[in-house]
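S.K.: 3D, please:
(chains A and B)
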2 protein chains.
Amino acid sequence: MEDTPQKKLGIIAGGGTLPRRLIRHCQEIGRDFFVLAIEGNALPDLVDDSIPHLWLRMGQAGTGLKRMEQEGVEEIVMIGTIRRPSFKDLVPDWRTTAFFAKVGPKALGDDGLLRAVIKEIEAEKMRVVGIQEVMSDLLAKPGILTKKKPSKTDLIDIKRGVGAAFELGKLDIGQSVVVQEGLVLGVEAIEGTDELIKRCATYKRKGSGGVLVKLRKPQQDMRIDLPTIGTRTLENAKNSGLNGVAVHAGNTLIVDEEEVIKTANKLGMFIIGIEPGEYLEQ
Amino acid sequence: MEDTPQKKLGIIAGGGTLPRRLIRHCQEIGRDFFVLAIEGNALPDLVDDSIPHLWLRMGQAGTGLKRMEQEGVEEIVMIGTIRRPSFKDLVPDWRTTAFFAKVGPKALGDDGLLRAVIKEIEAEKMRVVGIQEVMSDLLAKPGILTKKKPSKTDLIDIKRGVGAAFELGKLDIGQSVVVQEGLVLGVEAIEGTDELIKRCATYKRKGSGGVLVKLRKPQQDMRIDLPTIGTRTLENAKNSGLNGVAVHAGNTLIVDEEEVIKTANKLGMFIIGIEPGEYLEQ
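M.R.: Numbers count the residues shown, from 1 in each chain, chains lettered A, B, ... in the order given. As a prediction, the model looks like this:
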């Protein structure tokens, strides 16, 4: 999909290492880019003076948009984790104030706000694209990715997890659930997948290990907040005694796939890329 | 509904103080009763020699049923919290083995197992009744029960919470959610309401306080595992900075209502008994 590499890319950077990978990718292929680093989210050492960038508070969306225009950005990718601020944390500039006035409380769902941001950016003739359109090979492939295969019990747990995660996603609550022996041990809302997995160590029963299931929300825009796993996900899952991880094939980012699969193999865990429709009851 | 007080009551007792309240109630009105205290769940000092009882492992359901029959029990109440054991924790007697063979993995949902237990008991001509049929005044009344009233923001959060909790209930995952400024902070699965509330202290944003919403699952049998709140629920909610609690009117047990409302008033929190249908989007 890298059909327009020459267009200048705006990178709105949240937390984690994916923004760095994207910056490196742009540098490697010689694609022009500009980074908006979100304060309190992007890693402090994400950018240095050699990288064209601007640090911004969430409330300065207006300033950020204007700068992107000035820089001649034509395509924008939003990448990395964003901690959701409360309205009181957002001291808005005038543009952002107008934006919230327009968007209102409907945008308070997990995705609503991000969708509204996209709409606002695209009103400025910049196109918001998904990371998968810019960098290939970041999305989970379908099928079993590891030496370890899910057991029959694991597959039952995956089926139960898909049913639960699918409905949670429809409600715009979260992407992940942990299931053991058919029982939903934990459900992700705002706390994030790592905390979900850690907590389930406490609630796990003796017996078969359980699985993490992580899906894209059915109505989720492919351009924002795709489900993501990394080596830490596997390590946490191992520490909580889970058997493996099932992710939404073609819809989940794997941060450093090679390293993640190596980690899973070392830990004796499975990773499976699944098509949720095949697991949902008809 | 106390139309058959003379029938001998079997009390299958889990954790918490509700079983004790029921025992005291039976003693007060002179109703004959027999307690099956579930090991690892019922409070160790729930019964003494003055109270007709038998301690049982979960796996000894068969033995328990037989004893109830011998005792001439005609009605059974299941009351108090039950930690779900893993299958490996259940070393079954012959009757229980047959039961699991019949019930199979479909019973692994949160309520499925309990419903199957009821069916099994009723095959023995004993009637399983809800606590509300035996003791009046334990269920939450509709409307605002406290001096503090929910604010407009709280009502928006309650609406969002009802939508989420209703779907979670349909999925047989949990009964409770915590919502702040329209955002679902946390969702209850196996960890229980107290842990849910405590965790949300970490994920709460500055700004308006948020609410706990607790509903009966739509398909839940009124005779088992009704949503329950007590003073501890209010204290935890206060510690996590929530504004109040919305419970399913007529379908939620309030352990010691007078004390709970006194606590809420002291803490400046609201309790509202709601009819979910009035909050669900049509």
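S.K.: hey, let's count contacts and neighbours off CA atoms from now on
M.R.: OK.
S.K.: Which parts of the stretch 51-200 of chain A are helices?
M.R.: For the stretch 51-200 of chain A, applying DSSP state H, counting those that start in this stretch gives helices covering A:61-70, A:94-103, A:112-122, A:131-134, A:152-170, A:193-203.
S.K.: Do I have it right that A:M126 meets A:V77?
M.R.: No - taking Cα atoms under 8 Å as the definition, A:M126 is not a contact partner of A:V77, at 10.4 Å.
S.K.: who's more crowded, these two?
M.R.: Between A:M126 and A:V77, counting by other Cα atoms under 10 Å in any protein chain shown, A:V77 is the more crowded of the two (24 against 21).
S.K.: ok so, going back, out of the helices of the stretch 51-200 of chain A, flag the one nearest B:T63.
M.R.: Using Cα to Cα as the criterion, the shortest distance between B:T63 and the helices of the stretch 51-200 of chain A is 28.2 Å, found for helix A:193-203.
S.K.: Is chain B within reach of that closest one?
M.R.: Yes - applying Cα under 8 Å from any Cα of the partner chain, one finds helix A:193-203 touching chain B at A:Y203.
S.K.: relative to helix B:193-203, how tilted is that helix?
M.R.: 150 degrees (axes from the mean of the first three to the mean of the last three Cα atoms, to 10 degrees).
S.K.: Name the residues that touch helix A:193-203?
M.R.: A:176-178, A:185-188, A:212, A:232-233, A:236-237, A:239-241, B:190-191 (Cα atoms under 8 Å, 6 or more residues apart in numbering or on different chains).
S.K.: Shouldn't A:A237 be within a strand?
M.R.: No - following the definition DSSP: H, G, I helix; E, B strand; the rest coil, A:A237 is helix and is not counted among the residues of a strand.
S.K.: Near it, how many other residues are there?
M.R.: The number of residues packed near A:A237 is 29, by other Cα under 10 Å.
S.K.: ok, now A:S50?
M.R.: Count around A:S50 with other Cα under 10 Å applied: 6.
S.K.: And the pLDDT for it?
M.R.: According to the per-residue confidence, A:S50 scores 93 in pLDDT.
S.K.: and it, what helix or strand is that in?
M.R.: Assigned by DSSP states H and E, A:S50 falls within no helix or strand.
S.K.: Can you tell me how far it is from B:L9?
M.R.: Using Cα to Cα, to the nearest Å, one obtains 79 Å as the distance from A:S50 to B:L9.
S.K.: ok so, going back, can I get the helices of the stretch 51-200 of chain A in TSV including mean neighbour count?
M.R.: Listed next are the helices of the stretch 51-200 of chain A as TSV, based on neighbours: other Cα atoms under 10 Å in any protein chain shown:
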stretch	mean neighbour count
helix A:61-70	18
helix A:94-103	15
helix A:112-122	17
helix A:131-134	20
helix A:152-170	23
helix A:193-203	19
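S.K.: With respect to A:P218, which of these lies nearest?
M.R.: Evaluated over those, closeness to A:P218 peaks at helix A:152-170, with 6.0 Å, by Cα to Cα.
S.K.: from what I can see A:N265 touches A:L145, true?
M.R.: No - judged on Cα under 8 Å, A:N265 makes no contact with A:L145 at a distance of 9.5 Å.
S.K.: so where's the stretch 101-250 of chain A uncertain?
M.R.: Low-confidence segments of the stretch 101-250 of chain A, defined by pLDDT under 70, span residues A:101-116, A:136.
S.K.: Between A:M126 and A:V77, which contacts overlap?
M.R.: Listed contacts common to A:M126 and A:V77 are nil; contacts here mean Cα under 8 Å, 6+ apart.
S.K.: picking up where we left off before, if any of the contacts of helix A:193-203 are buried, put those into a PyMOL selection.
M.R.: Selection of buried members from those for PyMOL, criterion 16 or more other Cα atoms under 10 Å in any protein chain shown:
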select buried, (chain A and resi 176+177+178+185+186+187+188+212+233+236+237+240+241) or (chain B and resi 190+191)
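S.K.: Next, please give the residue ranges for the strands of chain A.
M.R.: Taking DSSP state E to define them, one finds strands in chain A at A:9-13, A:33-38, A:53-56, A:75-79, A:127-128, A:143-144, A:176-180, A:183-187, A:211-214, A:228-229, A:244-248, A:253-254, A:270-274.
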